[in-house]
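Asker: Pasting the sequence and the predicted coordinates here, then a few questions.
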Amino acid sequence: MRISKKRNCSDCIQKCDIHDVLSKVNGQDTTVSHLHAQYKKHDIICKQGTEVTHAMFLVKGFAKMYIEGLNNKNIILYLLKPPAYIGLLSFFESPKYSYSVTAIEDCEVCFIELDLVKKMYIENHELLLCLNKAFGKSVSTIFKKIISLNQKQIRGRIAENLIYLSEIYSANKFHLKLSRKEIGEMAAISEENTVRLLSEFAKEKIIAINGKEVEILDMSLLKKICEVC
């Protein structure tokens with residue numbers, strides 16, 4: 001991780017709600033007191049069980065949010081892409097993170113002092129609504145994950161996550177940034193079963209796989225598998 005204090009908010013490619021609200025209040029472009037950090041692929045952005053000290057905003061790159069389970073068995077809750085808050089679920093709920101976030105490609109993250117965010121959250125109705133909306137989206141995604149892991153068969157879970165990835169990349173053909181093990185962690189199944197199921201889908205002409213390149217050939221069938229399996 002490389003940290004810089006010199007990055008100005010006005011130059012940022014993804015301005016957060018905090019910056020936007022402060023600019024409206026002050027009637028001009030406002031620079032929030034912050035740190036700007038650059039992470040390499042596989043760097044840990046926040047660690048489960050460590051203290052929450054800042055609000056974090058993902059400016060660039062992809063990251064994964066996951067629960068570290070027993071015996072190194074992780075469950076990926078969802079993927080983060082800009083613009084996105086990191087650690088939003090721990091802003092007010094707990095002094096420590098209940099999950100970890102790791103970069104799956106080079107990322108840039110803005111750190112904003114948590115006390116400032118809490119103060120503005122209480123005092124500014126617009127920011128309250130923005131953060132509540134983001135919080136609600138995170139909770140809704142996790143609820144869907146719980147239902148999927150509890151009620152779907154492994155074939156349905158893999159289908160669901162392939163659909164999810166196509167939505168994340170906004171395309172039916174995409175370069176996969178995750179390993180086969182990480183795809184399995186999205187569905188709470190082993191790497192071996194993940195490889196087997198992906199091969200089955202490829203043989204059935206539902207998807208095509210060429211190394212890291214994945215193309216969904218039959219989205220309607222994939223959605224049907226997701227619904228019934």
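Answerer: That came through, no problem. Quick caveat: nothing in here was measured; it's all calculated off a predicted structure. Numbers count the residues shown, from 1 in each chain.

Asker: moving C-terminal of the worst-scoring helix or strand of the chain on mean pLDDT, what's the next helix or strand?
Answerer: None of the helices or strands of the chain scores lower by mean pLDDT, DSSP states H and E than helix 17-26, at a mean of 68. Moving toward the C-terminus from helix 17-26, the next helix or strand (DSSP states H and E) is strand 34-39.

Asker: and the next element down the chain from that following strand?
Answerer: Toward the C-terminus, strand 34-39 is succeeded by strand 44-46 as the next helix or strand (DSSP H and E).

Asker: Where is the longest helix in the chain?
Answerer: helix 125-151 (DSSP state H).

Asker: Same question for it: list its buried residues.
Answerer: 127, 130-131, 134-135, 138, 142, 145, 148 (16 or more other C-beta atoms under 10 Å). No exception for glycine: its C-beta is placed from N, CA and C like everyone else's.

Asker: Helix or strand next in line after that helix, which one?
Answerer: helix 154-169.

Asker: Now do the closest residue to T102 other than its chain neighbours, the pLDDT please.
Answerer: Using C-beta to C-beta, 6 or more residues apart in numbering and skipping the chain neighbours, the partner closest in space to T102 is I44 (5.2 Å). Per-residue confidence (pLDDT) for I44: 96.

Asker: and if you look at E126?
Answerer: E126 is given a pLDDT of 84.

Asker: repeat for R2
Answerer: So R2 comes in at 77 (pLDDT).

Asker: what residue is smack in the middle of this protein?
Answerer: The centroid of the chain falls nearest to L80 when counting by C-alpha atoms, centre = their mean (2.2 Å).
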